[in-house]
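Visitor: Sequence and predicted structure are below.
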Amino acid sequence: MTVFMSIRRRITRGAALAAATAALAAGAAWVGTGSAAAAPVPVLQILGNAIVPIPSGQCHGSIEVAYEHVPGRPDLAEAIFTPTGTWGAIPGCEVPVEFAWINGMFPFTHGHSVTVAGGRTSTIINPGAGVSLLVSVPNTGAMGAPSWGTSGYMWLQP
């Protein structure tokens, strides 16, 4: 009887181990597939990652600039502007931003305008694969004083 119980325990343990292994493998496969969520784009920031417009009345603060991949499009990136103060977040504090990227494609300098208003704002840019120099400058100069922009090199994997 002892031998029979020992065999039964081994079979039960083996079945439990197999079930646990199958569940773990299924969970790993589910996590591995994930969603096609956007991932950050590698950027070497030269002047930081925040636009800093000159304070004016109720408008103050900075606007963080980040970049993400566009899923399925390796030549595109999404530029995301997130206000950390009232600039670009409340009515009357909209920030027009001149956005440019320089790459090896004629005409070499490409421009794009976006207005940061009502909070987080994003726009799709097309710098192409490879390295591009990105520049974003707020167009809110007060009495001729420039505002602080961002600059950096972006790498989009070809």
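Guide: Looks like it came in fine. Numbers count the residues shown, from 1 in each chain.
Visitor: Distance of the spatially most central residue of the chain relative to residue 102?
Guide: Residue closest to the average C-alpha location in the chain (Cα atoms, centre = their mean): residue 68, at 3.0 Å. Distance of residue 68 to residue 102, computed by Cβ to Cβ, to the nearest Å: 20 Å. Glycine gets a C-beta too; all of them are placed from N, C-alpha and C.
Visitor: related to what we said a few turns ago, name the nearest residue to the residue nearest to the centre of the chain, sequence neighbours excluded.
Guide: Nearest residue to residue 68, sequence neighbours excluded (Cβ to Cβ, 6 or more residues apart in numbering): residue 38, at 3.9 Å.
Visitor: From residue 135, how far off is the one you found?
Guide: Where residue 135 is concerned, residue 38 sits at a distance of 22 Å (Cβ to Cβ).
Visitor: More neighbours: which of the two?
Guide: residue 135 (17 against 14; other Cβ atoms under 10 Å).
Visitor: That one: what secondary structure?
Guide: Classification of residue 135 by DSSP: H, G, I helix; E, B strand; the rest coil places it in strand.
Visitor: can you tell me which residues contact it?
Guide: Contact analysis of residue 135 by Cβ atoms under 8 Å, 6 or more residues apart in numbering lists 99-102, 149-151.
Visitor: again, only this time at 7 Å
Guide: Each residue near residue 135 by Cβ atoms under 7 Å, 6 or more residues apart in numbering is listed here: 100, 149, 151.
Visitor: contact partners of the longest strand along the chain?
Guide: Using DSSP state E, we find that the single longest strand of the chain is strand 73-83. Identification of contacts with strand 73-83 by Cβ under 7 Å, 6+ apart yields 38, 41, 61, 63-70, 88-89, 97, 99, 116, 119-129, 154, 156-157.
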